[in-house]
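J.: Here is the input, now give the coordinates:
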Amino acid sequence: MAAREMYELSGAVFEKSCDLMRSLPPDLFAELCQQSIEHLQCQDTGIDQTLLCQRFQAAGVDTNMNEVINVINDVNYLFSTAAKHKLSTETLLNTFASHYKLPKPTLQVIRHVWNEEGKNLSDVEGSRDLLPAARLLDFHWKVGMAVSSDGCKSLNHPYVTVELKVADHSGQVQNKVFEMTIPEFQNFSKQFKEMSAALENV
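T.: Numbering: from 1, shown residues only. Okay, here's the model as predicted:
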């Protein structure tokens, strides 16, 4: 795929994040790239955007959570698009060197990561789209007594609080909390058992 075509795919996406990419120390940009690659290969437990933001700020980078989320999404897009089109390292670097004026240390990080992981990521792309679906990372539940609740209309009735830790398609980790009545939770549990039984037959 020509560099011009890669530019057309990624131009609107990357322009907004280039300033942050330019300001990141190479070691922190390398950490971000490695987490992105692991996420796209479904080898990780998600990208902790809060921790990355804290690490960037501790290194003296002037940024905020929204900018960090954008750069995570854009780096994911960079590698997933490059893998989808099986770009060579030189094509990838020429595109970003000419259109985005990234500094040499940043380009060296991209070169190293793509030389090490590009083939594996392109092979993975051959069997699926390189934008992973949301993944369940952790699951907790507890029983309580309703004092006030949207789900339990009557007070002094037991309810179950469920907390899910999920990584969305971009790898960002989020916690989802919801309440269920006991019958709702029993039905929920029954469906999980049915899924487990079905998977054993796959």
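
J.: which secondary structure elements does the top helix by length along the chain contact?
T.: Among all segments of the chain classified by DSSP state H, the helix with the greatest residue count is helix 104-125. With contacts taken as 3 or more Cβ pairs under 8 Å, 6 or more residues apart in numbering; DSSP states H and E, helix 104-125 sits against helix 26-40, helix 65-84, helix 89-100. Backbone N, C-alpha and C define where each C-beta goes, glycine included.

J.: Reformat those as CSV; add mean pLDDT.
T.: Conversion of the helices and strands packed on helix 104-125 to CSV gives the following (pLDDT from 0 to 100):
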stretch, mean pLDDT
helix 26-40, 89
helix 65-84, 86
helix 89-100, 78
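
J.: With respect to L121, which of the ones you listed lies nearest?
T.: Relative to L121, the nearest member of the helices and strands packed on helix 104-125 by Cβ to Cβ is helix 65-84, separated by 4.2 Å.

J.: which strands and helices sit next to that closest one?
T.: Counting contacts by 3+ Cβ pairs under 8 Å, 6+ apart, helix 65-84 is packed against helix 3-14, helix 18-23, helix 26-40, helix 49-58, helix 104-125.

J.: Serialize these to TSV and add fields for mean neighbour count and distance to T161.
T.: Putting these into TSV (neighbours: other Cβ atoms under 10 Å; distance: least, Cβ to Cβ, whole Å) gives the following:
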stretch	mean neighbour count	distance to T161
helix 3-14	15	38
helix 18-23	17	37
helix 26-40	20	28
helix 49-58	16	23
helix 104-125	17	37
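
J.: Domain ranges for the protein, per the record?
T.: Each domain of the chain is listed here as a residue range: 3-125, 135-200, per automatic domain parsing.

J.: picking up where we left off before, in JSON lines: the helices and strands packed on helix 65-84, plus distance to G144.
T.: As requested, the helices and strands packed on helix 65-84 are exported to JSON lines (distance: least, Cβ to Cβ, whole Å):
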{"stretch": "helix 3-14", "distance to G144": "44"}
{"stretch": "helix 18-23", "distance to G144": "42"}
{"stretch": "helix 26-40", "distance to G144": "34"}
{"stretch": "helix 49-58", "distance to G144": "27"}
{"stretch": "helix 104-125", "distance to G144": "42"}
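
J.: So for V162, which of the ones you listed sits nearest?
T.: Taking Cβ to Cβ as the criterion, V162 comes closest to helix 49-58 out of these, the separation being 22.2 Å.

J.: now the angle between helix 26-40 and that closest one, please.
T.: 170 degrees (axes from the mean of the first three to the mean of the last three Cα atoms, to 10 degrees).

J.: Helix 49-58 vs helix 65-84, what angle?
T.: Taking the same axes, to 10 degrees, one finds that helix 49-58 is oriented at 110 degrees with respect to helix 65-84.
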